[in-house]
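Engineer: here you go, sequence then predicted model.
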Amino acid sequence: MEFLNLVLVAPIVDMIEYPSFFIEVVFGGLMSGVMYSLVALGFVLIFKASGVFNFSQGVFALFAALTLVGLMTGTVPFTLNKSLPELPAWVAIILTFIVMIGLAIAVERIVLRPLVNQDHIIMFMSTIGLAFVLEGLGDTIWGSEVKALDVGIPTGNFLIGEIQIQIFDLWAAGIAAFLVVVLAVFFQYTRTGRALRAVADDHQAALSVGIPLKNIWIIVWSVAGLVALVAGIMWGSKSGVQFSLSLIALKALPVLILGGFTSVPGAIVGGLIIGVGEKVAEVYWGPLVDGAIENWFAYVLALVFLLFRPQGLFGDKIIERV
Amino acid sequence: MALSEQSIPEAILSVENITLSFGAVRAIRDVSFDIKKGEIRAIIGPNGAGKTSMLNVINGFYHPQQGQILFRGMVRKRMRPHEAAGGGIARTFQNVALFKGMSTLDNIMTGRNLKMNKWNVSLLAAMFYYGPTQKEEILHRQFVEKIISFLEIEAIRKTPVGRLPYGLQKRVELGRALAAEPDLLLLDEPMAGMNLEEKEDMCRFILDVNAEFGTTIALIEHDMGVVMDLSDRVVVLDHGEKIADGTPAEVKANQNVIDAYLGVAH
Amino acid sequence: MLYRESGQFKTSYSADQAIFPIRQDNWAMVVFLLVAFIAVPYFGTEYFFQAIMIPVLIFALAATGLNILTGYCGQLSLGTGGFMAVGAVACYKLTTGFPEMNFVLVLLLSGIITAGVGLLFGIPSLRIKGFYLAVATLAAQFFLSWLFNKVAWFQNYTPSGTITMPPREVFGIAVTGANADAMDRYLFCLVFVLILAMAAKNLVRGPIGRSWMAIRDMDIAAELIGFRPFQTKLMAFSVSSFYVGVAGAMALSLWLGSVETAEAFDINVSFQVLFIIIIGGLGSMMGSFVGAAFIILMPIVLTNVMVGALGMQAVTAKHFEFMFFGGLIIFFLIVEPHGIARLWQIAKEKLRIWPFPH
């Protein structure tokens, strides 16, 4: 009885008694949810357009952030000497995006093209290899120590009633929302967007109606690179650019389970649910088991959900045929 | 009349008023027919008529919303795939569904899985292998070798099936179905994509299976020549409905069937 | 002696179904065993056993387990590290809780306990497939790491949070603890791993292996010819976890001696074992051993060359190692997804018909 009270009643009572604290927790959850959504979005874009589950998406974000910091601080690649001119943030961001496009081209040539029409599972494992390569490469070029990143997003906080709000978080949410809208328009209303969706359905069929698979893949991996860049900037500004950045990819995976691998709205809503869910669980139930449940709670949440709806929140119902 | 019906062999399986839909799409509408012991029964119809869906209902892969299946006198509202397999229904698939990474021999051996003694192939026995599991393997290998020589595929015994040409894959698939010693064999377009010689071989095998083992066969086929030659009775589906049922000659003369295949002027 | 099967006729099905149907392979096996049991102990040093041979054997066993699940049954798992941790913790709790228990029994029970845990985490495979399942196995990895780290009972309430294997003997010879001789530990590993690998080979060449491969190659067809997908997958999950668990128990008791569970068996271990089976060969028992040898030896060779010969800094060498491994994985997946074992098989086939290939 004592136990039930502790698990079921006490946390709820807490929430109701201190509503402003609860709202703050939820708000904090929403903000990390936005971050998860951003990373998950990168996964979904590539999965939709190439059927590849890109495990290296998190390392993409790390690589982009490393490059950005390197350019802004005038670091000479491979040497760690800071003797180049320091670039303003916007120039560095554009240059980094160009680097990410170059990366997309390289990935297409070296990894994807030889693996066209291979099993999905083989493609997936090749992206694990890619993650290792990029991790080593990023550290080799730019050094592996923790770096601060500041691209000029305003910080500080203000109060609404008793609730404290971080200005940075509002900016992050705004930028993420803008990015999502742009991508949605791009996918839904442009010729390239239509071609992307065709490729996602069937590589060979798309090739046979004259869609250049090569270009499509470069485009979509570049877009994923852009999303990774934005995610890298957000996370990097918040907690510094370091190896652990690539681990947010692992946090985004339950989002994919929840939202479905192919659904953009799923990635966004799923990210928000996971963000809020794990924050609330950590704050109200975490102390019962000595904390740090953030690492796995999202997975368990996603799994339990999955048992009831295997195709995810927004996925299509699966009809199996023989 | 009643007497003469008694003398006709009993039905091994009958489907009664089956309706199957996927969301708003009705794949099969209120279809009934039966398959009699020892006959070769053809299911024909234009593309999208619901033939493959019908086979999927019969061996339990799809569950119909309405209707029931009588298999060997037992009423089934819905059948589970492994129950159907255990009850003696085996099948082949429209697009060959072999286990691509395994050899011909292993593929056909999988067909024996339900015939194996559960204790002899249980986990610990299989880990030890020598003894019960080996004895069991050799016993079933002997049966499988009979099928291999019946289908004349001795030369490809150890070849991974992924490397075989299409015609041979279809033959291996038939072998896998036969390995289960089925009472009822469902063949989904066994001759699709074959050249004339391969078709003749396949026809020979089907007739031999039917004659030698007395296996009841239900087959879907588009080659009308083959259907007319092989089958004892034919059921015709169109847009999920049954439009004709009878001997090949009767069906050939049926106006509905002619309309369905050639189109009808409105 | 040429590698040729001409003149070797099989007169029974049992001869045809032998593990090595060709006589020359049998000879190769005999030579391998002589080297492993006589030459290696004779020439080996403490370093050689501790840094190379023992980890190779243990990782080969873990890879055998993962290969059963991923290579044979087609279910990708990223939770190998977590299951090794279960084996290690089970081994620790069993030895400290029941000091009289025979060490071999401890290892087997650790495996069985891990099999139970694996079974539990295999349940989602009822509803989900492919990548969804792979992500679900990550849940196992993170949850188990957290559990063993947070719940002090699993560490017998030691303040440091590390678990240390007490000394144990087999047939009067110390095999665990600080006083156990490296060669004795190696020989014990060798015998144990070879017996378990043999059992795994028997499993995969028999009816159970066929049921796994049927599920892997086409689960729907497998179901329609009478396999029960859920039971088959669960069996693969538990057998696989048994092997991984025993490997974890051996890693603690015979190799490392003392570990901090969450760190010693983290997600990188999961990747390492996955890489072993990719490089060695998905769906090949021999591949697990070759791949393990490769993965253990390669960093040692790389470090020696880059730091020792080229004078690089250790940190830079580590980064290069990352790139090298990643590149190697991509290379293998592109050139030969079935790994070294398949290359070896192709070489053998060519050799068999040499010098008249047509």
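Structural biologist: Structure received. Numbers count the residues shown, from 1 in each chain, chains lettered A, B, ... in the order given.

Engineer: ok, longest helix in the chain?
Structural biologist: Looking at chain A here, since you left the chain open. helix A:19-50 (DSSP state H).

Engineer: let me rephrase: I mean chain C.
Structural biologist: Chain C, longest helix under DSSP H: helix C:182-205.

Engineer: check which helices and strands the following helix or strand past that one sits against.
Structural biologist: Using DSSP states H and E, the helix or strand that follows helix C:182-205 in sequence is helix C:207-217. Contacts defined by 3 or more C-beta pairs under 8 Å, 6 or more residues apart in numbering or on different chains; DSSP states H and E place helix C:207-217 against helix B:104-110, helix B:123-128, helix B:132-150, helix C:219-224, helix C:229-250. Using the backbone N, CA and C atoms, a C-beta is placed for each residue, glycine as well.

Engineer: buried ones in the second one, by neighbour count?
Structural biologist: The neighbour-count check on helix B:123-128 (16 or more other C-beta atoms under 10 Å in any protein chain shown) flags B:125-127 as buried.

Engineer: is that helix anywhere near chain C?
Structural biologist: Yes - Helix B:123-128 reaches chain C (C-beta under 8 Å from any C-beta of the partner chain) through B:123, B:126-128.

Engineer: what's near enough to touch residue A:15?
Structural biologist: By C-beta atoms under 8 Å, 6 or more residues apart in numbering or on different chains, residue A:15 lies in contact with A:22, A:284.

Engineer: from residue C:249, how far out is the residue of the stretch 51-200 of chain C found nearest chain B?
Structural biologist: Taking C-beta to the nearest C-beta, chain B has its nearest neighbour within the stretch 51-200 of chain C at residue C:199, 4.0 Å off. Using C-beta to C-beta, to the nearest Å, we find residue C:199 at a distance of 16 Å from residue C:249.

Engineer: helices of the chain, residue ranges please.
Structural biologist: I'll assume chain A. Applying DSSP H to chain A gives helices spanning A:2-4, A:10-17, A:19-50, A:57-72, A:89-107, A:120-142, A:167-189, A:191-201, A:203-208, A:213-239, A:248-259, A:264-280, A:294-308.

Engineer: try chain B instead
Structural biologist: B:2-7, B:51-58, B:81-86, B:104-110, B:123-128, B:132-150, B:166-179, B:196-208, B:224-230, B:248-253, B:255-262.

Engineer: ranking these by mean pLDDT, which is last?
Structural biologist: Looking at the helices of chain B, the lowest mean pLDDT belongs to helix B:2-7 (a mean of 44).

Engineer: who's the residue nearest the centre of chain B bridged to?
Structural biologist: Chain B has residue B:186 as the residue nearest its centroid, 1.1 Å off, counting by C-alpha atoms, centre = their mean. With DSSP bridges as the criterion, residue B:186 is bridged to residue B:91, residue B:218.

Engineer: so it makes contact with residue B:56?
Structural biologist: No - in this structure residue B:186 lies outside contact range of residue B:56 using C-beta atoms under 8 Å: 9.5 Å.

Engineer: you'd agree residue C:139 is in a helix?
Structural biologist: Yes - with DSSP: H, G, I helix; E, B strand; the rest coil as the criterion, residue C:139 is part of a helix.

Engineer: that one contacts residue A:303, doesn't it?
Structural biologist: Yes - in this structure, residue C:139 is within contact of residue A:303 by C-beta under 8 Å, at 5.8 Å.

Engineer: ok, the two, which is more surrounded?
Structural biologist: Neighbours were counted for residue C:139 and for residue A:303 using other C-beta atoms under 10 Å in any protein chain shown; residue C:139 has more, 26 against 23.

Engineer: roughly how far is stretch C:142-153 from the heart of the chain?
Structural biologist: Here stretch C:142-153 is found 23 Å from its chain centre; the criterion is C-alpha atoms, centre = their mean, to the nearest Å.

Engineer: hmm, it in reach of chain A?
Structural biologist: Yes - using C-beta under 8 Å from any C-beta, a contact is recorded between stretch C:142-153 and chain A, made by C:142-143, C:145-146, C:150.

Engineer: could you list the buried residues of that stretch?
Structural biologist: Within stretch C:142-153, the residues that count as buried by 16+ other C-beta under 10 Å are C:142-149.

Engineer: neighbour count: residue C:199 and residue C:249, which is higher?
Structural biologist: Higher neighbour count among residue C:199 and residue C:249: residue C:249, with 31 against 19, using other C-beta under 10 Å.

Engineer: and that one, what is it in contact with?
Structural biologist: C:87-88, C:90-91, C:106-107, C:110-111.

Engineer: try 10 Å this time
Structural biologist: C:58, C:84, C:86-92, C:94-95, C:103, C:106-111, C:113-114, C:165 (C-beta atoms under 10 Å, 6 or more residues apart in numbering or on different chains).

Engineer: how about residue C:141?
Structural biologist: Residue C:141 neighbours (C-beta under 10 Å, 6+ apart): A:250, A:295-296, A:299, C:77-83, C:85, C:121, C:265-267, C:269-270.

Engineer: now residue C:255
Structural biologist: Counting by C-beta under 10 Å, 6+ apart, residue C:255 has contacts C:49-51, C:54-55, C:57-59, C:165, C:176, C:185-186, C:189, C:247.

Engineer: do the same with residue A:154
Structural biologist: Taking C-beta under 10 Å, 6+ apart, one finds A:167-168, A:170-171 in contact with residue A:154.

Engineer: what's the closest of these to chain B?
Structural biologist: Comparing these against chain B with C-beta to the nearest C-beta places residue A:170 closest, at 42.6 Å.

Engineer: restricted to buried residues, select the contacts of residue A:154 in ChimeraX.
Structural biologist: A single ChimeraX command suffices to select whichever of the contacts of residue A:154 are buried according to 16+ other C-beta under 10 Å:
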select /A:168
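
Engineer: closest to chain C out of the contacts of residue A:154?
Structural biologist: Nearest to chain C out of those is residue A:168 (C-beta to the nearest C-beta; 27.9 Å).

Engineer: now do the phi/psi pair for the closest residue to that closest one other than its chain neighbours.
Structural biologist: Using C-beta to C-beta, 6 or more residues apart in numbering or on different chains and skipping the chain neighbours, the partner closest in space to residue A:168 is residue A:155 (4.9 Å). Backbone torsions for residue A:155, taken as degrees, to the nearest 10, come to phi -120, psi -170.

Engineer: give me the neighbour count for residue A:155.
Structural biologist: If you count neighbours by other C-beta under 10 Å, residue A:155 ends up with 13.

Engineer: quick one on the thing from earlier: point out the most buried one among the helices and strands packed on helix C:207-217.
Structural biologist: Of the helices and strands packed on helix C:207-217, the one with the most neighbours on average (mean count of other C-beta atoms under 10 Å in any protein chain shown) is helix C:229-250, at a mean of 27.

Engineer: for chain A, give me the ranges with low pLDDT.
Structural biologist: Scanning chain A for pLDDT under 70 picks out the ranges A:1, A:291, A:310-312, A:315-322.

Engineer: against chain C, how distant is the residue of the stretch 151-266 of chain B found nearest chain A?
Structural biologist: Proximity of the stretch 151-266 of chain B to chain A (C-beta to the nearest C-beta) peaks at residue B:188, 8.3 Å away. Distance check for residue B:188 against chain C: by C-beta to the nearest C-beta, to the nearest Å, it reads 11 Å.

Engineer: and for residue A:231?
Structural biologist: According to C-beta to the nearest C-beta, residue A:231 stands 19 Å off from chain C.

Engineer: residues in contact with that residue?
Structural biologist: Going by C-beta under 10 Å, 6+ apart, residue A:231 touches A:34-42, A:57-58, A:60-62, A:64-65, A:172, A:176, A:179, A:245, A:248-249, A:252.

Engineer: if we can go back for a sec, shouldn't the residue nearest to residue A:168 be in contact with residue A:165?
Structural biologist: No - judged on C-beta atoms under 10 Å, residue A:155 makes no contact with residue A:165 at a distance of 11.9 Å.
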